[in-house]
Structures are given as structure tokens and as C-alpha cells.
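**Q** Next input, structure requested:
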Amino acid sequence: MRDAWRELVHTARRTAEAGLVHGTSGNVSLRWGDTVLITPTGVPYERLDEDDPCAVDLDGQRVAGSLRPTSELPLHLALYRHTEARAVVHTHAVHATAVSTLVTELPALHYLCALLGGPVRVAPYATYGSQELADHMLDALRDRTGCLLAHHGTVVYGDTLDQAYDHTAQLEWMCQLWLLASSVPGRAPAVLPDEEIARVVGKLRHYGQRPDASD
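**A** Coordinates of the predicted model:
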């Protein structure tokens, strides 16, 4: 567990260093068997103790550590109960949060939306830390691995912390791209067709370095 916790702390600090969170905003979690390692509430990431994990079971009961988990615990537990998530990154990234106040779906301006399953939906606003927010999020994540939370930020899940972080960074970039393209007076950004996004989703399944079939 300790190595997994240190990996989580490293990922949390990456979100702060990249400007995806500020202060104590946002949170990160990792499923480790039937245990969820998760950032604690109200603790800046640079002050996290790499030797004192914050951990709960799938019912939210603390099983390790001296600190209380993030107030967004219901959001993380909902993902582990209802999806195949192994790692979750939630941020208050500025461009993504701005977009979440303007549209109900981030259009497919760039093919990399396929990393998240297609155009990114915006979950309706609900109070942070509430079950209502978790329910809205799950609906927005239908057939997706990332969404925006209206007036709030982003949620992305993946098989690993690196994947969840990388896709979060890509989502913030896509939101910045949309804001830039939408700012040109008298012009509306073109959107890629659904069939192209579906084609890219298929191609991405084989993207990157993979071992030979004989390995």
C-alpha cells in the first residue's frame, strides 16, 4: 500500500505543478484491491505525508491513516462502484471550468476527445461532496471516461494514475482550444463528425508501445 500511496502523492503534486488545481482544490484516488487510497481534505499536496496513507474501504470507512478523506469521497466511490475505474483525477482546471459554464457538451474540435470516448459531456451543477453531484457525474460519464462538472471542474478515470492524469491534461488543453477557437468574432469552430471520432477510438486501442504477441 505504501508504494501505491507514494504514487498517488506524486500524481496529486503533478496536478498542482501543472496548474490544474490551486490550494486544496481537486482530489486524486487509486483503487488498491478493495481499498481506496485518496487525498485527504484540506491538505495542500506539498504537505502530504508520503508515509501516512489516507485510505477507506468501498463503503467509505477509514481503514488507514490519520487524516479524513476528501469531501468529494462520494464522487470517487461512485466511480469505483459503477465503472471499471482503477484511478480517478478530479481538478478545478481553469479552462475546463470556464467551458463548463458555457455549454452542455464540449464539441469534438480535436480527435483527441476520443481518448475519453467522444465529445465530453457537462454534468449539471450540484453542491460539491453531494450524492446528487455523484449521480449527475455518472450520467455524464455514460460511455465516457471523462466529463466536466458544471461550475466546478473535471473528472477523469483510467486504468492507472498516469493515464487518468494524462487524459485530464488533454481535456484541459481541449477546453483551452475550444475557448480560443470560439473567441473569433463571426466564426464558429468546425466539429469533427461522429464517424471520425468512432474511427479514432478504434485506432487508439492500438496506440503506443505494446509488447509483441510472441512476448
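**Q** Mind listing the residues bridging to the spatially most central residue of the chain?
**A** Closest to where the C-alpha atoms of the chain average out (C-alpha atoms, centre = their mean) is residue 156, at 2.1 Å. Counting by DSSP bridges, residue 156 forms beta bridges with residue 89, residue 146.
**Q** Just give me the neighbour total for residue 70.
**A** Residues near residue 70, counting by other C-beta atoms under 10 Å, number 24. Every residue, glycine included, has its C-beta placed from N, CA and C.
**Q** swap in residue 192?
**A** 18.
**Q** Go through this structure and flag its longest helix.
**A** Ranked by number of residues, the top helix in the chain under DSSP state H is helix 161-182.
**Q** following that one, which helix or strand comes up?
**A** helix 194-204 (DSSP states H and E).
**Q** I'd like the mean pLDDT over that following helix, please.
**A** The average pLDDT within helix 194-204 is 91.
**Q** So, low pLDDT: which residues of the chain?
**A** 207-215 (pLDDT under 70).
**Q** what about the strands in it?
**A** 27-32, 35-38, 55-57, 62-64, 87-91, 105-106, 120-123, 146-149, 153-158 (DSSP state E).
**Q** What's the separation between the nearest residue to residue 44 once chain neighbours are set aside and residue 175?
**A** Spatial nearest neighbour of residue 44, excluding adjacent residues (C-beta to C-beta, 6 or more residues apart in numbering): residue 24 at 5.7 Å. Here the criterion is C-beta to C-beta, to the nearest Å. By it, residue 24 lies 22 Å from residue 175.
**Q** The strands of the chain: which one's closest to residue 184?
**A** strand 105-106 (17.4 Å; C-beta to C-beta).
**Q** Work out the gap between the closest one and the centre of the chain.
**A** 15 Å (C-alpha atoms, centre = their mean, to the nearest Å).
**Q** Note down every partner strand of that strand and its orientation.
**A** Here, using DSSP bridges, strand 105-106 pairs with strand 120-123 (antiparallel).
**Q** if we can go back for a sec, list the buried residues for the longest helix of the chain?
**A** 161, 163-172, 174-178 (16 or more other C-beta atoms under 10 Å).
**Q** now stretch 146-154
**A** By 16+ other C-beta under 10 Å, the buried positions in stretch 146-154 come out as 146-150, 152-154.
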